[in-house]
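Engineer: make a model of this:
(chains A and B)
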Number of protein chains: 2
Amino acid sequence: MKQNLTLEALRQLLERRDMCALRDALTQTHPADLAELLDELDRPEMLAVFRALPKELAAEVFSDLPPEDQQALIQAATDQELSAIVEELWVDDAVDLLEELPAGVVKRVLQAARPDTRQLINQFLHYPENSVGSIMTAEFTDLKRDMTVAQAIAHIRRTGADSESIYTCYVTDAARRLEGVVTIRELLLAGDQALVADLMERDVITAGTGEDREAAVARLMKYDFLSLPVVDREGRLVGIVTVDDGMDVLEEEATEDFEKMAAMAPSEKPYLKTGVFTLARHRIVWLLVLMVSGMITGGILGRYEAAFSAMPLLVTFIPMLTDTGGNAGSQSSTLVIRGMAVGEIRLRDFARVFWKELRVSMLVGAALSAVNYVRLILTYPGQTATALTVAAALFVTVLLAKTVGGVLPMAAKFFKADPAIMAAPLITTIVDAISLVVYFNIASALLPLA
Amino acid sequence: MKQNLTLEALRQLLERRDMCALRDALTQTHPADLAELLDELDRPEMLAVFRALPKELAAEVFSDLPPEDQQALIQAATDQELSAIVEELWVDDAVDLLEELPAGVVKRVLQAARPDTRQLINQFLHYPENSVGSIMTAEFTDLKRDMTVAQAIAHIRRTGADSESIYTCYVTDAARRLEGVVTIRELLLAGDQALVADLMERDVITAGTGEDREAAVARLMKYDFLSLPVVDREGRLVGIVTVDDGMDVLEEEATEDFEKMAAMAPSEKPYLKTGVFTLARHRIVWLLVLMVSGMITGGILGRYEAAFSAMPLLVTFIPMLTDTGGNAGSQSSTLVIRGMAVGEIRLRDFARVFWKELRVSMLVGAALSAVNYVRLILTYPGQTATALTVAAALFVTVLLAKTVGGVLPMAAKFFKADPAIMAAPLITTIVDAISLVVYFNIASALLPLA
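Structural biologist: All right, here's what the predicted structure looks like:
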């Protein structure tokens, strides 16, 4: 097992100013662990440690640091140090960095880069957020079709140090159009004299630069690829999406869905690093919208004032009824939203989902109503009509909640809206209003309220 | 782009019984796409197509099929066909398969396997669900420390066809204890005569067979590995977790959290393939628990019957108040649950989370109360005391909802329970009860209800 460098040990090395021992300890630690350590240090300590790192390791640690630490380092760096960092970074990491920095600093960083790096970064900066272009890597291994396996392996050995993933090689023609794909594994398992053209797969599964990143990652997962080639409109290979970036996208998109489904604007930074005002801003808008819906429900309730004035007991069943309706509805909507997010449920499955939810809701509704009826008969002996009212209202509420909950996310998708807004909070509000109307109408029919 | 084989084209080839053309079309299609096509065919068609596949491709397609299709194929297969499938499958896929099959069929499959395969499968079947052992692959590339690069590459070329991932090679001693790790990339970039012992990284980051699979995948992601070695208690290398299986775990765990956070028992199969009774069963238990909590809230409400009999208008603000409280609370709990799931928030951050939620809730509560106060003053002119009651109750509700929502998931984790149960449904019920008590107590103090 890896002997981890602790924060205390690192601080001691710093205090003793033993640069040799420090450098030794640093190079024996994984960049991802170093980034975590640096993030815990004070700014001057962080700067001192960062400067002690060998150049290549420094770039790796840098790309694992949170944006605010990156910014601090850049602001403290000399032009020469800055240039070294930018040139060592993978282009996609450099672009991620620039997107977080204030404009003045971006200019300084771009000036520190070599002209060709600068041009590439500028091109990447133009891809829209959440597009494949914004997550792709510019460094990949490309081969030519007329190479032998021996030549190809020699080529990879010569140039491979520059590519983030050398395990999948892409074959391009003179105009950089993608012609085929071959894995290192296939090259290694073939004879030295075999031709790349004979080994390569010609039907290449690709992604477009402007495509949604989620769709590209789903493809990467479906085919178990280590990287997915990205082509422009002319079919020229411009980059690759690697599986480690794919995993990050998967986790980020799930987090975004959790946030949206709990009625929040998705955040860019992790929770602990997000300021109180930003957090409040992300939450207030939806709460206001839902508060207004709550007021409308209140208005509906107001119309039945005569009913609950005549029989105040009715009011005490409202929380149970609306809570159960909301929960039943959000169960269905959660399953359908997630099913659509992972690509299992499509719009053409609308009828199947509706029919399934209808049957499930009848089973669930019947069970819950029965339990409720029995408990009401036991608690309020003789009040059969009240028990029947509550049980019937509960059954209808569950039935409506589940069908509405299952169908609305698909309707949202059909109208090109984000299905995730049709989650628990909105479904609950909608179902609240429906269940109150159902409840008081059944009560009016069964009970002597006038 | 890939020329996709359509369902109609496949059916036409089947009808024409043109086995050559069929085989050609099949071998030109990706296994993952073939699995999707087979799943849409009728059982006899599926069997016919499956039998037309070359042996190795058949195993790949088989492992991509949903469990019920796998079962149908196995029940229709001869002993010889069965043996061919089992021997071609990766051990982890074979184990996944066996876990889904009825006991009688498992026995038949195990009898069809070679003795050493059978032993390996039996060993894998004993790892607990959700453990690293249950997702690891037994096939990996292992090297010896005294090999040269040339010998290592020759070894990989000779044996590599048997390993699911050849890109990361593990160096083991005579007792199979893990000594180091070296990537194909490092081997290729080094000279032919360099020694594996000099190239390998000795501080290997590993996982244990009994460890939680989520923790191992988090490590795989953190270090951007293509595979993570799995060792037993004696430090012997027993398998690897590959990045493609890691992505599947990531997606499954997120889906499980979505289900749990919407008060459902997590499902094993995708939504459309799950039966109505199973779906109903997964949903009923939590709905019953929450229904009982809703009844308790109703009981609390019953204690204030005198208050809302005296002033029925008070009842109409209940939905808005409880909905907003529930939503505000579940925003906080969702962020904290997700933050803990991705490893950002730890138990030691308890005080930070509490302090953050307290400040956010004051901002959000103040904004919502202000909006509400203004709208009530405009709607019910002259009823300042009522407006003040509702606004004050709303402020206190949001404050309590957000702190409770932020803190309860961490408390659950502290008591070794699953934080995901402290999500929207339960938080809503808890906050409902609190907000009603707060509301009617403020009303009693400010309004002439007696």
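
Engineer: what's near enough to touch A:Pro419?
Structural biologist: A:336-337, A:340-341, A:409-410, A:412-413 (Cβ atoms under 8 Å, 6 or more residues apart in numbering or on different chains). In this view, the C-beta of every residue, glycine as well, is placed from N, C-alpha and C.

Engineer: can you narrow those to ones near chain B?
Structural biologist: Among these, proximity to chain B is found for A:336-337 (Cβ under 8 Å from any Cβ of the partner chain).

Engineer: show me what from the stretch 351-450 of chain A comes close to chain B.
Structural biologist: Residues of the stretch 351-450 of chain A lying near chain B (Cβ under 8 Å from any Cβ): A:352-353, A:356, A:359-360, A:363-364, A:367-368, A:371-372, A:375, A:424-425, A:428-429, A:432, A:436.

Engineer: PyMOL command for the buried members of the residues you listed?
Structural biologist: Those of those that count as buried under 16 or more other Cβ atoms under 10 Å in any protein chain shown are selected in PyMOL with:
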select buried, chain A and resi 353+356+359+360+363+364+367+368+371+372+375+424+425+428+429+432+436
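
Engineer: out of the residues of the stretch 351-450 of chain A next to chain B, which sit inside helices?
Structural biologist: A:352-353, A:356, A:359-360, A:363-364, A:367-368, A:371-372, A:375, A:424-425, A:428-429, A:432, A:436 (DSSP state H).

Engineer: three-state assignment of A:Ile240?
Structural biologist: strand (DSSP: H, G, I helix; E, B strand; the rest coil).

Engineer: so what's it up against?
Structural biologist: A:Ile240 touches A:136-137, A:140, A:164-165, A:168, A:170, A:227-230, counting by Cβ under 8 Å, 6+ apart.

Engineer: which SSE is the residue nearest to the spatial centre of chain A in?
Structural biologist: In chain A, the residue lying closest to the centroid (Cα atoms, centre = their mean) is A:Glu253, at 1.2 Å. Using DSSP states H and E, A:Glu253 sits in helix A:243-261.

Engineer: point out the other helices and strands that that helix packs with.
Structural biologist: With contacts taken as 3 or more Cβ pairs under 8 Å, 6 or more residues apart in numbering or on different chains; DSSP states H and E, helix A:243-261 sits against helix A:213-222, helix A:318-341, helix B:213-222, helix B:243-261, helix B:318-341.

Engineer: buried ones in the helix or strand just after that helix?
Structural biologist: Using DSSP H and E, the helix or strand that follows helix A:243-261 towards the C-terminus is helix A:276-302. Applying a neighbour-count criterion of 16+ other Cβ under 10 Å, one finds A:276, A:279-280, A:282-284, A:286-287, A:289-291, A:293-295, A:297-298, A:300-301 buried in helix A:276-302.

Engineer: keep only these that also lie close to chain B.
Structural biologist: Within the buried residues of helix A:276-302, those near chain B by Cβ under 8 Å from any Cβ are A:276, A:279-280, A:283-284, A:286-287, A:290-291, A:293-295, A:297-298, A:301.

Engineer: low-confidence bits of the stretch 351-450 of chain A, can you list those?
Structural biologist: Where the stretch 351-450 of chain A drops to pLDDT under 70, the residues are A:450.

Engineer: who are the contact partners of A:Ile296?
Structural biologist: A:Ala433.

Engineer: now the one 4 residues further on
Structural biologist: Counting by Cβ under 8 Å, 6+ apart, A:Ile300 makes contact with A:433, A:436-437.

Engineer: can I get stretch A:184-195 in CSV? Just the C-alpha atoms.
Structural biologist: The C-alpha trace of stretch A:184-195 is given here as CSV (Å, rounded to 0.1, in the frame of the first residue of the first chain):
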residue,chain,number,x,y,z
ILE,A,184,-2.6,-0.9,-29.0
ARG,A,185,-3.9,-4.3,-27.9
GLU,A,186,-4.7,-5.2,-31.5
LEU,A,187,-1.3,-3.9,-32.7
LEU,A,188,0.6,-5.8,-30.0
LEU,A,189,-1.3,-9.0,-30.6
ALA,A,190,-0.6,-8.8,-34.4
GLY,A,191,2.6,-9.7,-36.2
ASP,A,192,5.3,-7.0,-36.8
GLN,A,193,4.7,-6.9,-40.5
ALA,A,194,0.9,-6.7,-40.5
LEU,A,195,-0.5,-3.4,-42.0
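
Engineer: make a markdown table out of the contacts of A:Pro419 and add neighbour count.
Structural biologist: Listed next are these as a markdown table, based on neighbours: other Cβ atoms under 10 Å in any protein chain shown:
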| residue | neighbour count |
| --- | --- |
| A:Val336 | 27 |
| A:Ile337 | 29 |
| A:Met340 | 21 |
| A:Ala341 | 22 |
| A:Pro409 | 30 |
| A:Met410 | 23 |
| A:Ala412 | 19 |
| A:Lys413 | 20 |
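
Engineer: any idea how far chain B is from the nearest residue to A:Pro266 once chain neighbours are set aside?
Structural biologist: With sequence-adjacent residues excluded and distances taken as Cβ to Cβ, 6 or more residues apart in numbering or on different chains, A:Pro266 is closest to A:Glu256, at 4.2 Å. Distance, A:Glu256 to chain B, by Cβ to the nearest Cβ, to the nearest Å: 10 Å.

Engineer: correct me, but A:Glu256 touches A:Ala265?
Structural biologist: No - counting by Cβ atoms under 8 Å, A:Glu256 sits too far from A:Ala265 to count as a contact (9.8 Å).

Engineer: more neighbours: those two, which one.
Structural biologist: Taking neighbours as other Cβ atoms under 10 Å in any protein chain shown, A:Glu256 and A:Ala265 compare with A:Glu256 leading, 20 against 15.

Engineer: confidence score at that one?
Structural biologist: A:Glu256 is assigned a pLDDT of 92 by the prediction.

Engineer: say whether chain B is contacted by the strand or helix carrying A:Ala94.
Structural biologist: Taking DSSP H and E as the definition, A:Ala94 sits inside helix A:91-100. No - using Cβ under 8 Å from any Cβ, helix A:91-100 never reaches chain B; the gap is at least 11.6 Å.

Engineer: tell me the secondary structure at A:Leu237.
Structural biologist: strand.

Engineer: helix, strand or coil for A:Thr141?
Structural biologist: A:Thr141 - assigned by three-state DSSP - is strand.

Engineer: is A:Leu228 located within a helix, as I assumed?
Structural biologist: No - the assignment for A:Leu228 by three-state DSSP gives strand, which leaves it out of any helix.

Engineer: who's it bridged to?
Structural biologist: A:Val241 (DSSP bridges).

Engineer: touching, it and A:Leu220? I think so.
Structural biologist: Yes - counting by Cβ under 8 Å, A:Leu228 touches A:Leu220, with 4.8 Å between them.

Engineer: for A:Ala423, which non-adjacent residue is spatially closest?
Structural biologist: A:Met261 (3.6 Å).

Engineer: check contacts around the one you found.
Structural biologist: For A:Met261, the contacting residues are A:334, A:337, A:420, A:423-424, B:258, B:334, by Cβ under 8 Å, 6+ apart.
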